[in-house]
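Student: fold the following.
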Amino acid sequence: MKRILMLVVAVSLVCSCKSTKETKATTSANEKAIEKKLQQTWILENLNGKVITEKDFSSFPKIVIAPSSFSGTTGCNAIKGDLLSNGDEKIQFLNLTSETKKCDAKKEGEFIQLLKTTSGYSIKDNKLFFANQFGLTMSFKKG
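Tutor: Numbers count the residues shown, from 1 in each chain. Model prediction:
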């Protein structure tokens, strides 16, 4: 009786481990597929509901998204950092660093702060939208 019980427990463990591996593989594939859509250059068009003009920035801010990091410019200063995405339209910009050139850009600080608080994204009609806990914050076009 003990041998049968041990056999049942062993078979259950093996089956449950296999199921977990399959689930992780599927999740990982989904994350990569979603992140692939993000992996390109995006140029800022809209900041906090307002269309960006040449008066707001020295040049239009952009971000270049890679699988686990990002880089770009604020229109004046270079930025870079780590990127975390769980593949469920959730995204975080971590360890953001920026150059400290003196710039004339009025909205640079706002742009950086919104990147730091970004928690979600969506892509529609070749546009990337970022949101935080308060709602939509920025939109970008493909660069």
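
Student: and the helices in this protein?
Tutor: 2-38, 108-117 (DSSP state H).

Student: comparing those, which yields the minimum mean pLDDT?
Tutor: For the helices of the chain, mean pLDDT drops lowest on helix 2-38, to a mean of 52.

Student: so the residue nearest the centre of the chain bridges to which residues?
Tutor: For the chain, the residue nearest the mean C-alpha position is residue 91 (3.5 Å; C-alpha atoms, centre = their mean). Beta-bridge partners for residue 91, by DSSP bridges, are residue 85.

Student: buried residues in stretch 115-135, which are they?
Tutor: 115, 118, 120-121, 128-132 (16 or more other C-beta atoms under 10 Å). In this view, the C-beta of every residue, glycine as well, is placed from N, C-alpha and C.

Student: same check on stretch 134-143?
Tutor: Buried residues in stretch 134-143 (16+ other C-beta under 10 Å): 137-141.

Student: same deal with stretch 46-66?
Tutor: 46-47, 52, 56-58, 60-65.

Student: with stretch 95-115 instead?
Tutor: For stretch 95-115, by 16+ other C-beta under 10 Å, it's 98, 105, 107-108, 110-112, 114-115.

Student: next, format those residues as CSV and append distance to residue 74.
Tutor: Shown next, in CSV, are the buried residues of stretch 95-115 (distance: C-beta to C-beta, whole Å):
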residue, distance to residue 74
98, 7
105, 7
107, 9
108, 5
110, 10
111, 6
112, 6
114, 11
115, 9
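
Student: right, I'll call it a day here.
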